[in-house]
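Student: For reference, the sequence and a predicted model appear below.
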Amino acid sequence: MKNSIDTIIFDLGAVLIDWNPRYLYRKIFSTEDEVTWFLENICTHDWNERQDAGRPFEEATQELVEKFPEHEAAIRAWYGRWQETISGPIHDTVEILKQIKEQDQHRLYALTNWSAQTFPWALQQFEFLHWFEGIVVSGHEKTRKPFPEFYQILFDRYRVNPRTALFIDDSQRNIEGAQAVGLPGIRFHSPDQLKTDLIKLGVIR
């Protein structure tokens, strides 16, 4: 694999962009236990993934408000104050991306589970997103990782050969989804770990 990689595909959230709903809900609730309970029982990961796959915010919010009217203010904050869930770029990973770009030996793409309604803000906020030759956004495509058709959209649209590409994502589930369609992956744990892995593969020096 070391000598055949010509394309690097990055996930965005928790790899290049520091997104975490706890950043917002720590401002709303008094204790970490309250934040955890809310994210595990009200605005859950599964609920959020439906918006990543294209469901409108308004519909998603109304669904929860009807189920949990006592939590209406906190539910509406998810999208009303969405920008507060992002603390900024993960600078050391952006530096790795910059190094790959400047070496000019690999094509660069991004594959992200992200709502179509909030992604335009990210494009305005983070200049490095414009370093990619293309970005496939789940909310636009109405499907998401780890479903095979989502990876296939990138392969087909940009003529990417998965067997000469490398995918970087913080989710083991998404890495396994990529491997299932023939796309090798690195699970991201930290910028230092990623840099070490990419040096071993000869992607960066």
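Tutor: Nice, I can see it. Numbering: from 1, shown residues only.
Student: For the helix or strand harbouring Phe38, name the packing helices and strands.
Tutor: For Phe38, the host element (DSSP states H and E) is helix 32-41. When contacts are defined as 3 or more CB pairs under 8 Å, 6 or more residues apart in numbering; DSSP states H and E, helix 32-41 sits against helix 22-25. Yep, even glycine has a C-beta here, placed from its N, CA and C like the rest.
Student: Let's test this: mean pLDDT of the helix it packs on, rounded?
Tutor: What helix 22-25 shows for mean pLDDT is 98.
Student: next one: stretch 102-114
Tutor: For stretch 102-114, the mean pLDDT works out to 97.
Student: So that it lines up with my notes, have the first residue be 30 from now on.
Tutor: With 30 as the first residue, the last one maps to stretch 131-143.
Student: Check which residues of that stretch are buried.
Tutor: When burial is assessed from 16 or more other CB atoms under 10 Å, stretch 131-143 yields the following buried residues: His135, Arg136, Leu137, Tyr138, Ala139, Leu140, Thr141, Asn142, Trp143.
Student: Among those residues, which lie within helices?
Tutor: Nothing among the buried residues of stretch 131-143 maps onto helices, per DSSP state H.
Student: May I see these organised as CSV, with distance to Phe196 added?
Tutor: Shown next, in CSV, are those (distance: CB to CB, whole Å):
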residue, distance to Phe196
His135, 13
Arg136, 13
Leu137, 12
Tyr138, 9
Ala139, 10
Leu140, 7
Thr141, 12
Asn142, 13
Trp143, 16
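Student: which one of the residues you listed is nearest Ile115?
Tutor: Trp143 (11.1 Å; CB to CB).
Student: Pull out the buried residues from the helix holding Phe67.
Tutor: Those would be Val64, Phe67, Leu68, for helix 61-70 by 16+ other CB under 10 Å.
Student: Wait, the first one touches Tyr52, no?
Tutor: No. Contact criterion CB atoms under 8 Å: Val64 and Tyr52 do not qualify, at 10.0 Å.
Student: Phe176: what's its closest spatial neighbour, skipping adjacent residues?
Tutor: Nearest non-adjacent residue to Phe176, counting by CB to CB, 6 or more residues apart in numbering: Gly206, 7.0 Å away.
Student: Tell me where the model's unsure across the chain.
Tutor: Low-confidence segments of the chain (pLDDT under 70): 30-32.
Student: Quick one: the helices in it, in order.
Tutor: Under DSSP H, the chain gives helices at 51-54, 61-70, 74-81, 86-96, 101-109, 120-132, 148-154, 167-170, 177-187, 201-209, 220-229.
Student: Kind regards, and thank you for your time.
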